[in-house]
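Novice: Got a predicted structure plus its sequence, pasted below:
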Amino acid sequence: DQQVKQNSPSLSVQEGRISILNCDYTNSMFDYFLWYKKYPAEGPTFLISISSIKDKNEDGRFTVFLNKSAKHLSLHIVPSQPGDSAVYFCAASGYSGAGSYQLTFGKGTKLSVIP
Amino acid sequence: SAVISQKPSRDICQRGTSLTIQCQVDSQVTMMFWYRQQPGQSLTLIATANQGSEATYESGFVIDKFPISRPNLTFSTLTVSNMSPEDSSIYLCSVASATTYGYTFGSGTRLTVV
């Protein structure tokens, strides 16, 4: 049972337009959400995060929105640039017992920004 | 944030052999994490490596198949034992970030078992 779902395996967007990547989760105990970007042959790199007490967090061209009632979050990239082409992973963090927090990842969405 | 050196970056191995993946961090960290990403799947946590104690394995992963060493606070190894083609994956080590709630990852080891 996947607790974090990214239902779109791929997304293509024209350069300069908005990219919207979606993520749904099922575990109401998750209290922190993160987005990672992964280029081929590299490890994932942290992009942006949001706490469950907020509904929006913005960092430059990247904005993450959280809708707790719908258990849904989205990453908006505006404007999209060719260098944004990568796989984006949604991740959720929650207390897993014994003083530790576990990170659960979605399967990723491959974003292609077309020049 | 921490800088992680992971090696090898990729390898092609014969069925039935073992491969040890190394992860070096440029700062001392309490916990190091090992993940696997099978083709088309999400990143899945294999185990948490604690210095001075046995690693903690997630459901579906066992020490005999994925022995882990953690000799000090900057280094860990993951061995994939008695490999089969189903073990073909990307393996990543990770540490918790000191500045964000997130994690820093190594560059990954792409393993192909033939």
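Specialist: Cool, got the structure.

Novice: Could you list the residues in contact with the strand ranked longest in chain A?
Specialist: Using DSSP state E to define each element, chain A has its longest strand at strand A:86-97. Strand A:86-97 is contacted by residues A:3-4, A:6, A:21, A:23, A:25, A:27, A:29-39, A:44, A:47, A:73, A:75, A:101-111, B:42-43, B:101-102 when judged by CB atoms under 8 Å, 6 or more residues apart in numbering or on different chains. From N, CA and C alone the C-beta is placed, and that goes for glycine too.

Novice: Next: stretch A:65-74.
Specialist: In contact with stretch A:65-74 (CB under 8 Å, 6+ apart) are residues A:20-26, A:28, A:33, A:50, A:52, A:54-56, A:64, A:76, A:90.

Novice: where's the residue of chain A found nearest chain B relative to A:Pro79, distance?
Specialist: Per CB to the nearest CB, A:Gly43 is where chain A lies closest to chain B, at 3.4 Å. As for A:Gly43, its distance to A:Pro79 is 26 Å (criterion: CB to CB, to the nearest Å).

Novice: circling back to that earlier point, buried residues in the longest strand of chain A, which are they?
Specialist: A:Ala86, A:Val87, A:Tyr88, A:Phe89, A:Cys90, A:Ala91, A:Ala92, A:Ser93, A:Gly94 (16 or more other CB atoms under 10 Å in any protein chain shown).

Novice: ok, what's across the strand from the first one?
Specialist: I take that to be A:Ala86. A:Leu111 (DSSP bridges).

Novice: which stretches of chain B form strands?
Specialist: Counting by DSSP E, the strands of chain B are B:4-7, B:10-13, B:19-25, B:31-37, B:43-50, B:56-57, B:68-72, B:75-80, B:89-96, B:103-105, B:109-113.

Novice: How many residues are close by the residue nearest to B:Thr17 when sequence neighbours are not counted?
Specialist: Closest residue in space to B:Thr17, ignoring its immediate chain neighbours: B:Met83 at 5.9 Å, by CB to CB, 6 or more residues apart in numbering or on different chains. Using other CB atoms under 10 Å in any protein chain shown, the number of residues around B:Met83 comes to 21.
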